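Participant: sequence and predicted structure, then a few things I'm wondering about:
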Amino acid sequence: LPVDPRILLVTIDGPSLKKLGQWPWPRSLHADLIDRLSAAQPAAILFDVVFSEPGNPANDKRLADAVCNAGNVLLPLLREGPASYIQPAEQMQPLLKCAKGVGHINVEADNDGVVRSLYLREGPLDAMAPQLAWLAYQMGTQEPTPMPAESHGKVSEQWHREHGIRIPFIAAHSHFPSVSYVSVLRGEVSPELLRNRLILVGATASGMGDRFATPISSTLGTTAGVEIQANVLNGLLQERSIVDLPGWLAALMATSVVALLLGLLLYRPRYALWMTLGCMAAALIGSLALLRLGHWWSPAACLIGLLLSYLIWNWRRLSVILAYFGWELARLD
């Protein structure tokens, strides 16, 4: 997808670590950053930094006050174990109460270890949390919008997931506009650049924070968690989140294309190879067209079915021909 101009990253990068010192930083620094950002009146401030353990009481109170004064700060939740989120210490409760919203930042890795999807709502059945980027999207649009997709999965009796989507990543050669954490903190960034933006704060420095393999990792390496959140938000803002087709519909489409090929083989057997290749091309084009419309239908099962149908049909045809020649030879003898 193209990059939505409303998104801006404030990155905890190498220069910031060099100038502000080793991580973790005092929470008073985060409070100062929030004050700087809030003064520029952004649409929302999404923090992809977890504050679950208490620190210096004075700094914790300073951070909570800054979040309360800003009124548009979103904070993350992390999953702990099979059936709960990490519960912040009692000293951190004022911070969560001041936040505009609290959402999860969990992602789903496929069997090959690549992150391509997530759920917009998940958690214990009695305490399900929305996805953090979804909360930022709602603040950016100011309109009540239903979550895309109705798909859901149950990992266990204690953990439920709803509204699964695939992440529409931006092109590998493009990038989200970003400014360094330390530049904002020192007032080197113009307030006009921050005004009405959806600001995502997170770590991108090498060896720091959560990093994942994604479909663009072959050219860019692993992707930082805050950049995954930015991709999710980018897709939501453009209404281009990708939803899996229901299993029964995907199976029906694959079966229909295979049935079409079998019918054509009976009608025009002399063009068997070209008809098979044509049906394969139709399956690939159909999958691409659905993807453009925001639906994912994997053509793999259909292509395998078409190939097997062609091979089995050829084997049966050869078997019939051999049987015929055997009968003719026997009659000639």
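Facilitator: Right, received. Where do you want to start?
Participant: what's the next secondary structure element after the lowest-mean-pLDDT helix or strand in the chain?
Facilitator: Ranking every helix and strand in the chain by mean pLDDT, DSSP states H and E puts strand 152-154 at the bottom, with a mean of 62. Counting by DSSP states H and E, the next helix or strand C-terminal to strand 152-154 is strand 159-166.
Participant: what packs against that following strand?
Facilitator: The elements that strand 159-166 packs onto, with contact taken as 3 or more C-beta pairs under 8 Å, 6 or more residues apart in numbering; DSSP states H and E, are strand 115-124, strand 152-154, strand 243-244. Heads up, the C-betas are built off the backbone N, CA and C, glycines and all.
Participant: you'd agree residue 59 is in a strand?
Facilitator: No: secondary structure of residue 59 (DSSP: H, G, I helix; E, B strand; the rest coil): helix, not part of a strand.
Participant: so what pLDDT did the closest residue to it other than its chain neighbours get?
Facilitator: Residue nearest to residue 59 in three dimensions, not counting chain neighbours: residue 27, with 4.2 Å by C-beta to C-beta, 6 or more residues apart in numbering. For residue 27, the model assigns a pLDDT of 86.
Participant: so where is the stretch 101-250 of the chain shaky, pLDDT-wise?
Facilitator: 144, 150-156, 209 (pLDDT under 70).
Participant: tell me which residues touch residue 187, please.
Facilitator: residue 36 (C-beta atoms under 8 Å, 6 or more residues apart in numbering).
Participant: how near is it to residue 35?
Facilitator: Relative to residue 35, residue 187 is positioned 11 Å away (C-beta to C-beta, to the nearest Å).
Participant: try residue 232
Facilitator: With C-beta to C-beta as the criterion, residue 232 and residue 35 are 27 Å apart.
Participant: swap in residue 130?
Facilitator: Distance of residue 130 to residue 35, given as C-beta to C-beta: 27 Å.
Participant: coming back round to it: can you add mean neighbour count and distance to residue 12 and give the helices and strands packed on strand 159-166 back as JSON lines?
Facilitator: Shown next, in JSON lines, are those (neighbours: other C-beta atoms under 10 Å; distance: least, C-beta to C-beta, whole Å):
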{"stretch": "strand 115-124", "mean neighbour count": "21", "distance to residue 12": "20"}
{"stretch": "strand 152-154", "mean neighbour count": "12", "distance to residue 12": "33"}
{"stretch": "strand 243-244", "mean neighbour count": "18", "distance to residue 12": "32"}
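Participant: nearest to residue 167, out of those?
Facilitator: When the helices and strands packed on strand 159-166 are compared by C-beta to C-beta, strand 115-124 sits nearest residue 167, at 6.1 Å.
Participant: residues in contact with the most centrally placed residue in the chain?
Facilitator: In the chain, the residue lying closest to the centroid (C-alpha atoms, centre = their mean) is residue 167, at 3.1 Å. The contact partners of residue 167, by C-beta under 8 Å, 6+ apart, come to 115-118, 214, 228, 231-232, 235, 241-242.
Participant: contact partners of stretch 212-227?
Facilitator: Outside stretch 212-227, the residues that reach it (C-beta under 8 Å, 6+ apart) are 9, 11, 48, 105, 107, 109, 113-116, 167, 169, 172, 176, 200-204, 209-211, 228.
Participant: what about those residues, which are in strands?
Facilitator: Among those, DSSP state E puts 9, 11, 109, 115-116, 200-203, 211 in strands.
Participant: tell me how many other residues surround residue 247.
Facilitator: When neighbours are defined as other C-beta atoms under 10 Å, residue 247 has 9 of them.
Participant: ugh, wrong one, residue 15
Facilitator: 14.
Participant: quick check: pLDDT value at it.
Facilitator: Listed pLDDT for residue 15 reads 88.
Participant: OK, contacts around it?
Facilitator: 180, 182.
Participant: again, 10 Å this time
Facilitator: Listed by C-beta atoms under 10 Å, 6 or more residues apart in numbering, the contact set of residue 15 reads 180-183, 205.
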